[in-house]
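Asker: Pasting the sequence and the predicted model now:
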Amino acid sequence: MKFEKEMKLIKKGVEEIITEEELIKKFEQSEETGKPLRIKYGIDPTGYDVHIGHLVPIRKMRDFQDLGHIGVIIIGDFTAQIGDPSGLDETRPHLSKEQVKNNAEKYMEQLYTILDKSKIEVRWQSEWFEDMKMSDVMKLMGKYTLAQFMAHDTFRSRYEKGLPLGMHELMYPILQAYDSVMIKADVELGATEQKFNILSGRDMQRYFKMPQQVAVISPILMGTDGKEKMSKSLNNYIAVFDSPKDKYGKTMSIPDNMIINFFNYATKVETDEIKRISIKLKNDEVNPKIIKQRLAREIVTLYHGKKAALKAEEEFNLIFSQKEIPDEIPEFKLTAASMKIIDVLVQSNICASGGEVRRMIKQNAVSVDGEKVKDFFAEISKEAIIKVGKRRFLKVTQSS
C-alpha cells in the first residue's frame, strides 16, 4: 500500500482516524502538489502547566512535521474566555485577555520541547473573531441544530442532571470549527474528549464548500496512579518541566498494568517492539521493574536526552536500590507548598521532637533522596524519600 510507512507512523498511539482513506488521499495530493499538509491543534490557555498527557496529540503533530508537513497551533484567546465544556460538569471561570496571553506564552514554551519550531505556524483566534459582526455569528449558529449539540455527551449529561449549561458554551464547538475554515486545516488533532468539536470542524468546512479535515483522535494518557486520567488536580501527573530525576521517579511509581499504556502514548518506541514487550510481561518472562526502567529512560530521553536519562537512572538506583529502602514505608503529605524538614519529621512521628531532628542532622544522619541534610532550616517542597539513621524512612508527597 502506498504511504504504508507514513500511515504506520501516524496510527501509532492513535485511537481513531476519520477517515484513513481521506488521510491517504491528502498524502497523495501533498506529494503531487509539493504543498505540505496543515496540521491543526488548538490550545485553550486556561492554565500553563503542561504534563506529558497533554502532549500525546502534540507528539503526533511532530510525527507529521517529520514527514514534511506544517503544524498550525491555534491559540484560543476567545474560546479560553468561554471555557471548553468537554468532560466537565460545570462552567469554567472567565479569564482576562492578559491572563490568556501570559498562559499562552508559557504553554508554547513547553510545546516547543517536542515540536520543530521551524515548521510551526502560531495563530490567534482574535485574528478573525475580533471584528466579526453579530450577523456573521448568527449565520454560523444557523448551520447547526440543538439536536446536534444534545448528542454531545457532556451537554446531554449536564442537561439531564439539571446542571447549568450556558448558551455561550454551545458556541465553543462552533468557534473551534470555524478555526478550521480560517486556517484551511487538512488534519485536526485532539484527544477523545475533543471528538465532537473536531467533527464539527469537518461539518463547518463542508458548509463552506472546502475539503474536510481528517480527524486524528488520540487516547487519554492515564495518570501515575493508574486510576484516573493524568491531571494536576489529582497530583498524578508528570510535568513537562519536571526534572529528569522527577520524571524518572514518577514513571517508576506507576502500577505495572500501566506500563504498556505509557509505552504506547508517552514514548517513541515502535509498535512492534511494544507488542513484544507486552507479550513478555503477560508471560512473566521478565521482571516488570526492568521494563519500567526502560520506560522511564525512554520518557526522560524524549525530553532531556540520553545522557540525562542515564544519570537519572543512576541516581534512582543509588537511592532506591543500593540504600535498600523497604517496599512499604510511611508516607507524609505536605500540608503546604513547602515545609521545614524538622516539621515534616516531627509531624510524621518519624522523630519524637525537633531536638532529635537537629541532633540527627548534626550527626549527618538525615538525608533527602540520598543527599545529606546539613541545614537545620532545610525545606521540602516536592516528592522525596527522607532517611533518618539506618532504618527510618519516610516518603514525602506533595499536597493536592
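Answerer: That came in fine, so what should we check first?

Asker: Quick one: the helices in the stretch 101-250 of the chain, in order.
Answerer: Shown for the stretch 101-250 of the chain, the helices assigned by DSSP state H, counting those that start in this stretch span residues 126-129, 134-141, 146-150, 153-160, 167-183, 195-207, 244-252.

Asker: Touching the shortest one from outside, list them.
Answerer: In this case it means helix 126-129. 77, 78, 175, 178, 182 (CB atoms under 8 Å, 6 or more residues apart in numbering). Using the backbone N, CA and C atoms, a C-beta is placed for each residue, glycine as well.

Asker: same thing but at 7 Å, please
Answerer: Applying CB atoms under 7 Å, 6 or more residues apart in numbering, the external contacts of helix 126-129 come out as 77, 78, 175, 182.

Asker: and which of those residues is nearest to residue 119?
Answerer: Distances from residue 119 to the contacts of helix 126-129, taken as CB to CB, are shortest for residue 182 (19.7 Å).

Asker: per-residue pLDDT, the residue nearest to that closest one when sequence neighbours are not counted?
Answerer: Excluding the flanking residues, the one nearest residue 182 by CB to CB, 6 or more residues apart in numbering is residue 128, at 4.9 Å. Residue 128 is assigned 89 on the pLDDT scale.

Asker: do residue 125 as well
Answerer: For residue 125, the pLDDT comes out at 90.

Asker: Mind giving me the ChimeraX select for the contacts of helix 126-129, buried ones only?
Answerer: Paste this into ChimeraX to select the buried members of the contacts of helix 126-129, with burial taken from 16 or more other CB atoms under 10 Å:
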select :77,78,175
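
Asker: Need the worst-confidence member of the contacts of helix 126-129.
Answerer: The member of the contacts of helix 126-129 with the lowest pLDDT is residue 78, at 75.

Asker: how close does the closest residue to that one other than its chain neighbours sit to residue 342?
Answerer: Spatially, and ignoring its direct neighbours in sequence, residue 78 is nearest to residue 125 (4.4 Å; CB to CB, 6+ apart). The gap separating residue 125 from residue 342 is 51 Å, by CB to CB, to the nearest Å.

Asker: Next: residue 297.
Answerer: According to CB to CB, residue 297 and residue 342 sit 36 Å apart.

Asker: When these two are compared, which one has more neighbours?
Answerer: Applying other CB atoms under 10 Å to residue 297 and residue 342 shows that residue 342 carries more neighbours, namely 22 against 19.

Asker: I figured that one was touching residue 355, is that so?
Answerer: No - when contacts are counted by CB atoms under 7 Å, residue 342 is not listed as touching residue 355 (9.4 Å).

Asker: Burial check on residue 277, number of neighbours?
Answerer: 19.

Asker: Now it: which helix or strand?
Answerer: In this assignment (DSSP states H and E), residue 277 forms part of helix 271-282.

Asker: Give me the domain ranges for the chain.
Answerer: As recorded under automatic domain parsing, the domains making up the chain are 4-218, 244-320, 331-397.

Asker: And these: which comes nearest residue 225?
Answerer: Using CB to CB, the domains of the chain put domain 244-320 closest to residue 225, at 7.7 Å.

Asker: quick one on the thing from earlier: would you turn the helices of the stretch 101-250 of the chain into JSON lines with distance to residue 22?
Answerer: As requested, the helices of the stretch 101-250 of the chain are arranged in JSON lines below (distance: least, CB to CB, whole Å):
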{"stretch": "helix 126-129", "distance to residue 22": "25"}
{"stretch": "helix 134-141", "distance to residue 22": "24"}
{"stretch": "helix 146-150", "distance to residue 22": "21"}
{"stretch": "helix 153-160", "distance to residue 22": "24"}
{"stretch": "helix 167-183", "distance to residue 22": "14"}
{"stretch": "helix 195-207", "distance to residue 22": "10"}
{"stretch": "helix 244-252", "distance to residue 22": "36"}
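
Asker: Out of those helices, which is closest to residue 292?
Answerer: Per CB to CB, nearest to residue 292 of the helices of the stretch 101-250 of the chain: helix 244-252, 5.7 Å.

Asker: next one: that closest one to chain centre, how far?
Answerer: Centroid separation for helix 244-252 versus its chain: 15 Å, with CA atoms, centre = their mean, to the nearest Å.

Asker: hmm, who's touching that helix?
Answerer: Identification of contacts with helix 244-252 by CB under 7 Å, 6+ apart yields 224, 238, 292, 295-296, 299-300, 303-304, 308-309, 311-313, 315-316.

Asker: which one of those has the most neighbours?
Answerer: Neighbour counts for the contacts of helix 244-252 (other CB under 10 Å) peak at residue 300, which has 27 neighbours.

Asker: now that residue: how far from residue 311?
Answerer: Distance, residue 300 to residue 311, by CB to CB: 9 Å.

Asker: what about stretch 100-118, distance to the chain center?
Answerer: With CA atoms, centre = their mean as the basis, stretch 100-118 stands 13 Å off its chain's centre.

Asker: What residues of it count as buried?
Answerer: Of the residues in stretch 100-118, 100, 103, 104, 107, 108, 110, 111, 114, 115 count as buried by neighbour count, 16+ other CB under 10 Å.

Asker: cool, and stretch 23-34?
Answerer: 23, 24, 26, 27, 30.

Asker: which SS class is residue 351?
Answerer: Three-state assignment for residue 351 (DSSP: H, G, I helix; E, B strand; the rest coil): coil.

Asker: Run a quick check on it versus residue 345, I expect a contact.
Answerer: Yes - in this structure, residue 351 is within contact of residue 345 by CB under 7 Å, at 4.3 Å.

Asker: the more surrounded of the two?
Answerer: In terms of neighbours (other CB under 10 Å), residue 345 is the more surrounded of residue 351 and residue 345; the figures are 26 against 23.

Asker: Using CSV, write down the CA coordinates of the helix or strand hosting the more buried one.
Answerer: Assessed by DSSP H and E, residue 345 sits inside helix 341-347. Only the C-alpha atoms of helix 341-347 are listed here, as CSV (Å, rounded to 0.1, in the frame of the first residue of the first chain):
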residue,chain,number,x,y,z
ILE,A,341,12.2,19.2,57.3
ILE,A,342,12.1,19.5,61.1
ASP,A,343,8.3,19.9,61.0
VAL,A,344,7.9,17.1,58.5
LEU,A,345,9.8,14.6,60.6
VAL,A,346,8.1,15.6,63.8
GLN,A,347,4.5,15.8,62.4
